[in-house]
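Enquirer: Attaching a predicted model along with its sequence, questions to come.
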Amino acid sequence: MTSPLDQMFERSRWAEQLDASQRERVRSETVVREVAANGLVCRKGETVEAWVGVIEGLVKISSVSFEGKLVTFTGVPAGGWFGEGSLLKDEPRRYDVIALRDSLVSYVPRATFQWLLDTSIAFNRFLLVQLNERLGQFIATVEYERLLGPDARVARCIAQLFNPLLYPGSGRQLRISQSEVGYLTGLSRQRANQALQTLEASGLIRVEYGGITVADLDGLSRYEG
DNA sequence: TCATTAAATTGTT
DNA sequence: AACAATTTAATGA
């Protein structure tokens, strides 16, 4: 029987390329935890002690200003890893990470992360690709937020969740409710619903009950209204 | 397998 | 924010 963690490793390129003893060490040192919807995966300000992977479900990385305004930076679906930035810089975590629905999360301890960094070239390559991909995403996000309306923001958000480099093996279909799309984009559910219908009418996605299927990922990521 | 019910999600105001 | 309609999941005959 393969555990959910093993399945996570199987579709993570860095873990795939470890040898048996390396993988065994990572497996034994990694902690898996269930997080209920709206539960905290990591909290802002805490000392960073782990690199985090989403095995199942969906989490969002966000921050609250001291005025209480909630800002969401990005969502991370199953298959995604995050937190390497804070680990590398050895600083307190800058963001809250909250589960959007019941999720299964894995924590790779700092020491294990360091050891991978020191011993595995595949791991280093993976981080390089991931960091680069994220940088591209955030630059594009800033550009879009300044220039485009809600429909395009939703389009971008969905396209991000389907990034094959960051979240491999998830296919074209993602289970995500429209209220979750609203949380990720900072829009009301009603507006998110409207945007999804616009995008469906443009033939970029198919809207289903409790999920969406991407028909044209490329078109979605360059949608401008 | 089918029918009934509760819960979740969606479409609309 | 509230409502009704729709879909899914769970339950038991």
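Expert: Yes, it's here.
Enquirer: For chain A, what lies in contact range of DNA strand C?
Expert: A:190, A:208, A:209, A:210 (C-beta under 7 Å from any atom of the strand). The way it works is simple: take the backbone N, C-alpha and C, and place the C-beta from them, glycine included.
Enquirer: filter the residues you listed down to the ones near DNA strand B?
Expert: A:190, A:209, A:210.
Enquirer: From the contact counts, what lies against the helix or strand bottoming out on mean pLDDT in chain A?
Expert: Least confident element among the helices and strands of chain A, by mean pLDDT, DSSP states H and E: strand A:70-77 (a mean of 86). Counting contacts by 3 or more C-beta pairs under 8 Å, 6 or more residues apart in numbering; DSSP states H and E, strand A:70-77 packs against strand A:58-64, helix A:121-147, helix A:150-161, helix A:178-185.
Enquirer: run the last query once more with 7 Å
Expert: Packed against strand A:70-77 by the contact rule (3 or more C-beta pairs under 7 Å, 6 or more residues apart in numbering; DSSP states H and E) you find strand A:58-64, helix A:150-161, helix A:178-185.
Enquirer: Let's see which of the residues of chain A next to DNA strand C end up in helices.
Expert: residue A:190 (DSSP state H).
Enquirer: Return the subset of the residues of chain A next to DNA strand C lying in strands.
Expert: Among the residues of chain A next to DNA strand C, the members found in strands (DSSP state E) are residue A:208.
Enquirer: Adding pLDDT, distance to residue A:171 and neighbour count, write the residues of chain A next to DNA strand C out as a markdown table.
Expert: Shown next, in a markdown table, are the residues of chain A next to DNA strand C (pLDDT from 0 to 100; distance: C-beta to C-beta, whole Å; neighbours: other C-beta atoms under 10 Å):
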| residue | pLDDT | distance to residue A:171 | neighbour count |
| --- | --- | --- | --- |
| A:190 | 96 | 28 | 11 |
| A:208 | 95 | 13 | 11 |
| A:209 | 96 | 17 | 6 |
| A:210 | 95 | 15 | 9 |
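Enquirer: Done for today, thanks.
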